[in-house]
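K.L.:
structure, please.
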Amino acid sequence: MWGRCPTPRRATPPTHAKAAAPPLASAVDAEWMMRHPSALSRFQQIVSASKGKQIVMFLDYDGTLSPIVDDPDSAFMSDAMRAALRSVARHFPTAIVSGRCLDKVYDFVKLAELYYAGSHGMDIKGPAKGRNFKKAKAKAVLFQPASEFLPMIDEVYKALLEKTNSTPGAKVENNKFCVSVHFRCVDEKHWSGLAEQVKSVLKEYPKLKLTSGRKVLEIRPTIKWDKGKALEFLLESLGFANCNDVLPVYIGDDRTDEDAFKVLRERGQGFGILVSKFPKETNASYSLRDPAEVMDFLLRLVEWKRLSMTTRPKVQLV
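P.N.:
Numbers count the residues shown, from 1 in each chain. Presented below is the predicted three-dimensional model:
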């Protein structure tokens, strides 16, 4: 059962405990903002770069489209955010790339016209309905590069449920191709112990690896696949694999999103936008502070697209 969570003192995972970053207020923060300016204040710069190109939107879910909450099963998206996302998908190919399993993130978003990449991109599916975008392939995408790991993931999930049962507040979530151990509601004095419990289970599974995110430890297959690989796969599926006339925009808040930010930097194409109220080391080009600013950005993008369509010069027949 989930009760009242103890007030956390730090925001780092137990394997990397250190003091949390201060709010964006100091000179250091101002310097960080110069290197990663707000995507809202630089909105015109972003859309100007899309001239003659197809924007493709990629968005994380938790902390990006929905607020971070104590109970991961209660990370509901607002109706206003869903409406904004639906509007974006009318104009641009749009994908949700999440650590959640595909079915769970779909249950939160409830939009059939989007692409979904669950389990950090290890479970990808295309839209069940929606408009055909220029160059987009007609068939739905379905890709599961780690299918052989499913029985192993189930075993680890059950073992972790039993092993972490003694840690108050710990929650183990089966995300199909990965297992997440949430410690947002675990007292800080138990963080190290919880990490040791997880590691003790993983000793029996050398083909799985341990990673960490925002108050979560994640167990994933050791295959070379992440959110960056998922982004590239989706671009290829849309027909934009080796094209110069595409502008991918990826918005995310977690360290797992850095793989996608890095891909965009290495491609020299598109922009990563980090959602954070604190300075962080990131490969993103721009920043937004919270899901409210993400929704503002999405709505501005839709309005810009509508205006650009209405002001497009008409072709006269002679």
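K.L.:
for residue 206, give its distance to residue 221.
P.N.:
Remark: distance between residue 206 and residue 221 (C-beta to C-beta, to the nearest Å) = 11 Å. Just so you know, the C-beta spots here come from the backbone N, C-alpha and C atoms, and that holds for glycine as well.
K.L.:
same deal with residue 88?
P.N.:
Distance from residue 88 to residue 221, by C-beta to C-beta: 31 Å.
K.L.:
again with residue 241
P.N.:
For residue 241, the distance to residue 221 (C-beta to C-beta) stands at 24 Å.
K.L.:
which one of the two is surrounded by more residues?
P.N.:
The neighbour count for residue 241 versus residue 221, taken as other C-beta atoms under 10 Å, is higher for residue 221 (23 against 11).
K.L.:
list the contacts for the more buried one?
P.N.:
By C-beta atoms under 8 Å, 6 or more residues apart in numbering, the contact list for residue 221 reads 122, 146, 149, 152-153, 177-178, 207-209.
K.L.:
let's go with 6 Å and repeat that
P.N.:
146, 149 (C-beta atoms under 6 Å, 6 or more residues apart in numbering).
K.L.:
for residue 177, same thing?
P.N.:
Counting by C-beta under 6 Å, 6+ apart, residue 177 touches 119, 122-123, 146.
K.L.:
how far off centre is the helix or strand hosting residue 197?
P.N.:
For residue 197, the element it lies in under DSSP states H and E is helix 191-202. Computed by C-alpha atoms, centre = their mean, to the nearest Å, the chain-centroid distance of helix 191-202 equals 25 Å.
K.L.:
now do the buried residues in it.
P.N.:
191, 194-195, 197-198, 201-202 (16 or more other C-beta atoms under 10 Å).
K.L.:
kindly report the same for stretch 69-76.
P.N.:
Per 16+ other C-beta under 10 Å, stretch 69-76 contains these buried residues: 70, 72, 75.
K.L.:
so for it, mean pLDDT?
P.N.:
Across stretch 69-76, pLDDT averages out at 89.
K.L.:
great, nothing more from me.
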